[in-house]
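[1] only the shape, not the letters, is given here:
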């Protein structure tokens, strides 16, 4: 499995790792990490882009050329290769990416018009994942003041009209 010198430092053969070369790399000795990654010192695999799994045998959602459609990180889970999608583009319009392969943009439902989009009109499919309501505390204090003054002046105007009659 390897050769060790007098001081106990071992030089492991391909497919074996560990201080004593006794750990076999995932994917087997003949094909460590299934040829899609690098065997680490602890005999685990660090997979190449687009590959996942303990032995780098699973293709990430989105395919090898564009894993997670460039909008997420490919992870190995008990269900296999999955994507953890990233947040949006830093604007208020695109909230996040969704879908098994991170290909579905989720837009902010508060905005009726998209101020940022790299897609053409035929590709634009805004999706509201969860209905939201704007909390009263998020409304501008100036707008609250204007609304209150409108109500007060409206009532005052009604009282003045009634007093004149």
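    Right, received. Where do you want to start? These figures come from a predicted structure and were not determined experimentally.
[2] what ranges do the strands span in the chain?
    2-4, 10-12, 16-17, 23-24, 37-39, 45-47, 51-52, 58-59, 72-77, 80-85, 94-98, 104-107 (DSSP state E).
[3] elements contacting the third one?
    It stands for strand 16-17. Secondary-structure packing of strand 16-17 (3 or more Cβ pairs under 8 Å, 6 or more residues apart in numbering; DSSP states H and E): strand 23-24. C-beta coordinates here come from the backbone N, C-alpha and C atoms, glycine included.
[4] what sits up against the strand it packs on?
    Here strand 23-24 makes contact (Cβ atoms under 8 Å, 6 or more residues apart in numbering) with 15, 16, 17, 42, 43.
[5] let's see it at 10 Å
    Strand 23-24 is contacted from outside by 1, 12, 15, 16, 17, 18, 32, 39, 41, 42, 43, 44, using Cβ atoms under 10 Å, 6 or more residues apart in numbering.
[6] that strand pairs with which strands?
    strand 16-17 (antiparallel) (DSSP bridges).
[7] related to what we said a few turns ago, need the contacts of strand 23-24 in JSON lines (columns: pLDDT and distance to residue 106).
    JSON lines is the format used below for the contacts of strand 23-24 (pLDDT from 0 to 100; distance: Cβ to Cβ, whole Å):
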{"residue": "1", "pLDDT": "76", "distance to residue 106": "50"}
{"residue": "12", "pLDDT": "85", "distance to residue 106": "47"}
{"residue": "15", "pLDDT": "83", "distance to residue 106": "44"}
{"residue": "16", "pLDDT": "86", "distance to residue 106": "46"}
{"residue": "17", "pLDDT": "87", "distance to residue 106": "42"}
{"residue": "18", "pLDDT": "83", "distance to residue 106": "45"}
{"residue": "32", "pLDDT": "87", "distance to residue 106": "39"}
{"residue": "39", "pLDDT": "87", "distance to residue 106": "38"}
{"residue": "41", "pLDDT": "84", "distance to residue 106": "40"}
{"residue": "42", "pLDDT": "85", "distance to residue 106": "38"}
{"residue": "43", "pLDDT": "85", "distance to residue 106": "39"}
{"residue": "44", "pLDDT": "87", "distance to residue 106": "34"}
